[in-house]
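Asker: Sharing a sequence plus its predicted fold:
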Amino acid sequence: MAVVEGPLSKWTNVMKGWQYRWFVLDEAAGLLSYFTSKEKMMRGTRRGCVRLVGAVIGIDDEDDSTFTITVDQKTFHFQARDAEEREKWVNALEITIMRHSTSSKRVEPRGTVTAADFDRKLAETDSYLQIMLEQVQALETRIEACEDLAAKEKYNVIKVTAEAMIEAIKHSIVMLQISKESLNGPVMNGSVHEAILTSGADFNHFGGTGEIPGKSRRPTELHVPDVVMVTPPFLDTPASVDGDPSTSVSPVSPRVPETSYSSSEEEDFFDAEEFKNAPHSPLRQHGSALENPVKSKEEEETEASTEGSEGICQQVITAEDDYYDELYDEQDKEDLGSLEKHGSIIAHLLSQVRIGMDLTKVVLPTFILERRSLLEMYADFFAHPDLFVRIVDMKTPQDRMIQLVRWYLSAFHAARNSDIAKKAYNPILGETFVCHWKIPGMDDSGEKAVDGPCEEATRENLSFVAEQVSHHPPISAFYAEHQTKRITLDGYIWTKSKFLGLSIGVHMIGQGVVSVIDHDEEYVITFPNGYGRSILTTPWVEMGGKVSMSCAKTGYNATVTFHTKPFYGGKKHRVTSEIFAPNEKKPIVTIDGEWNGVMYAKYATGMNEVFVDTKKMPVVKKLVKPREKQAEFESRRLWQEVTHNLKINEVDKATDHKQRLEQRQREEARDRKERGVAWETKNFHEVGEHWVYDRPLQKRLRNPSPVSSGSHTPSS
């Protein structure tokens, strides 16, 4: 009988830690057995086993070696040597789970599924969810009151595990809702169609197709071919390479037990005691960072207040000589609504990715795209250019740091001025975006900014240029300057997307350096992560993570924490910040609020104020030259056909134009590879691990170029 075997560590409560075990995965029997050693395995002395029918595998995005199997009201924790070994085990386990879950569903007699069945199951699942939420809240209170650091750390481990279980329950609720909708057949674009499936689609990867034991199958059943494990013909005894899961012949053909077990039930690591005696396991889907579609009272109140605030029209300041571009200046307000109407497409996409998978090379459906390039979105960091240049006007290092934080906290709402979750275009290698802003209240001399990033800008304007400098990994570099105020920002962001179940996480790796030239100060800033939540129902976006701002010369520093919405109550889009003087542990300013709403500051002196109010602050419109005057690779001209067709709802045509751009990029990359030619950037170069602008203002001030009839402008 063909099996996969190898060493793993298993968490045990008896020893309070990880214990080495030899594991044997019997794909045919749907059983993961483990032994205290390989020798005990040869003698058939099994320590315990995990049944894989109906099991759920989970991984931690922050830890690349551990994984869990949840089945029979128990959660087993395992640890591989590294990410590669974990991937081998997880892949083999998922194939086994898929095969046996599908096989068992084919032979079980089924009745007729009704809407009442789904409603009952939803209510049952929600009850489990509420229990878990209450337990986690009680645990959080206990953690806060705990003074023993060692005990506090143990509690935190339990809390993290419990939160993962909560996510699995939330996932179950969503999948039940999707399954309920499918009772009338797969729905696409508002009408019933045949399901779009391929032989590679694996809907059971997410815990099944929404079937309920004792009920009938969904209208469309995915037939999964058996997986053949090839055993080398010259092996007549069990064998494997030490330290690596391999294919071998099992010496024992174990009887499949009715439930998973260990030699001592005390050894099992339970995520929640209340599931021990549950008649049915509430965990039937993969855990994921997912917004719960079953709304609590607090959530409904939050959403009601959000809807009310979105009705307020954001004031926009435009220049007298502004050029209106009907494709890009008309804000994309089209709501995606519920993605259940695109269920077949989205589910097919999700069937081909796995939890923790890098989404860099995954092509997302065109209908979820926002009508602009990611490079243009980065320009929205300067939607309030007056706050940025005002940093220079502050008299003390402390005031300059406070003003920097004020500008930073105002920089995100313009890019995400509603809860509509859409994705900007992935920039093409060599693509550029150039624009500038007129500063409200500042007199404009009309004198052109010599050698600046934007040839249309004057010395009193804030100029901006962005360029896609790398495709794999996807890195965007950007630079902004104000010549009169003598302030610049030089930065880059590497976007790394991960699939997290029913959410997508985008890690923004990189930094920006704000240079206040007259004070010889440099402020290093980092960027938060972004998350697309509830991608199978109504998607929404939130920011998350802790970022820092620091000035090496003055010693002033600040932290900003973008809080993801907690599982129990709480508000969306919350942000907090603390500003510190040099060598001080107590903040001189603390800030709390919502990054797309109002933020309040409390100073150590006792003074309180509204720090930033994004609802009342007017956005300054960026000035971009007409598309017909732009170079071929400038964003708005490059993507104009895609944007036009998305605007008139010709999704197929938009997809076609998008694919042409991407295909041209692939062909050009292939041609460079064949000729042995490296890609040459236009406006930025790499210094160590960072990307910097070729001709920053500081460098031009030190080494002014000879006066010429035409000024240097960035390449497009």
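Answerer: Good, I have the coordinates. This structure is a prediction, so every number in the text was calculated from the model and none was measured.
Asker: Tell me how many other residues surround K88.
Answerer: Using other CB atoms under 10 Å, K88 is surrounded by 15 other residues. C-beta here means a position set from N, CA and C on the backbone, and glycine is covered the same way.
Asker: Check L429 too.
Answerer: Applying other CB under 10 Å, we find 18 residues neighbouring L429.
Asker: how close does the residue nearest to F684 when sequence neighbours are not counted sit to D613?
Answerer: Nearest residue to F684, sequence neighbours excluded (CB to CB, 6 or more residues apart in numbering): A477, at 4.2 Å. Relative to D613, A477 is positioned 32 Å away (CB to CB, to the nearest Å).
Asker: Settle it for me: which of the two has more neighbours?
Answerer: A477 (27 against 13).
Asker: ok, what's across the strand from that one?
Answerer: E467, Y492 (DSSP bridges).
Asker: check contacts around it.
Answerer: The neighbours of A477, taking CB atoms under 8 Å, 6 or more residues apart in numbering as the test, are 466-467, 469, 491-492, 681, 683-684, 691-693.
Asker: next one: P385
Answerer: Contacts of P385 (CB under 8 Å, 6+ apart): 437, 439, 462, 482, 620.
Asker: Packing partners of the helix ranked longest in the chain?
Answerer: Longest helix in the chain, counting residues (DSSP state H): helix 149-181. When contacts are defined as 3 or more CB pairs under 8 Å, 6 or more residues apart in numbering; DSSP states H and E, helix 149-181 packs onto strand 56-60, strand 63-71, helix 115-145, helix 343-350.
Asker: Mean pLDDT and distance to V3 added to the ones you listed, as CSV?
Answerer: Listed next are the helices and strands packed on helix 149-181 as CSV, based on pLDDT from 0 to 100; distance: least, CB to CB, whole Å:
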stretch, mean pLDDT, distance to V3
strand 56-60, 78, 18
strand 63-71, 83, 17
helix 115-145, 78, 34
helix 343-350, 52, 30
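Asker: any chance of those in TSV, with distance to K448 too?
Answerer: Shown next, in TSV, are these (distance: least, CB to CB, whole Å):
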stretch	distance to K448
strand 56-60	54
strand 63-71	52
helix 115-145	58
helix 343-350	48
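Asker: Out of the ones you listed, which is the most enclosed?
Answerer: strand 56-60 (a mean of 22; mean count of other CB atoms under 10 Å).
Asker: related to what we said a few turns ago, now rank the contacts of P385 by neighbours and give me the top one.
Answerer: Neighbour counts for these, by other CB under 10 Å, peak at L462, which reaches 30 neighbours.
Asker: That residue: what's it in contact with?
Answerer: Going by CB under 8 Å, 6+ apart, L462 touches 382, 385, 388-389, 436-437, 439, 480-482.
Asker: quick revisit: of the contacts of A477, which is the nearest to M394?
Answerer: G491 (21.1 Å; CB to CB).
Asker: Spell out, range by range, the helices that occur in this structure.
Answerer: Going by DSSP H, the chain shows helices at 38-43, 83-107, 115-145, 149-181, 297-310, 343-350, 374-379, 385-389, 397-409, 635-638, 640-647, 651-675, 697-702.
Asker: per-stretch mean pLDDT over those, give me the minimum one.
Answerer: Out of these, helix 297-310 stands lowest, with a mean of 40 (criterion: mean pLDDT).
Asker: about what we covered before: please convert the helices of the chain to CSV, extending it with distance to K553.
Answerer: As requested, the helices of the chain are exported to CSV (distance: least, CB to CB, whole Å):
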stretch, distance to K553
helix 38-43, 60
helix 83-107, 40
helix 115-145, 37
helix 149-181, 35
helix 297-310, 40
helix 343-350, 49
helix 374-379, 27
helix 385-389, 19
helix 397-409, 8
helix 635-638, 36
helix 640-647, 44
helix 651-675, 42
helix 697-702, 14
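Asker: so where's the stretch 551-700 of the chain shaky on pLDDT?
Answerer: Along the stretch 551-700 of the chain, the parts satisfying pLDDT under 70 run over 567-569.
Asker: What ranges does it have for its strands?
Answerer: 557-563, 574-580, 589-594, 598-603, 608-613, 619-620, 684-687, 690-693 (DSSP state E, counting those that start in this stretch).
Asker: List the neighbouring strands of the second one plus their orientation.
Answerer: If you go by DSSP bridges, strand 574-580 pairs up with strand 557-563 (antiparallel), strand 589-594 (antiparallel).
Asker: In CSV: these, plus distance to P539.
Answerer: Listed next are those as CSV, based on distance: least, CB to CB, whole Å:
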stretch, distance to P539
strand 557-563, 18
strand 589-594, 19
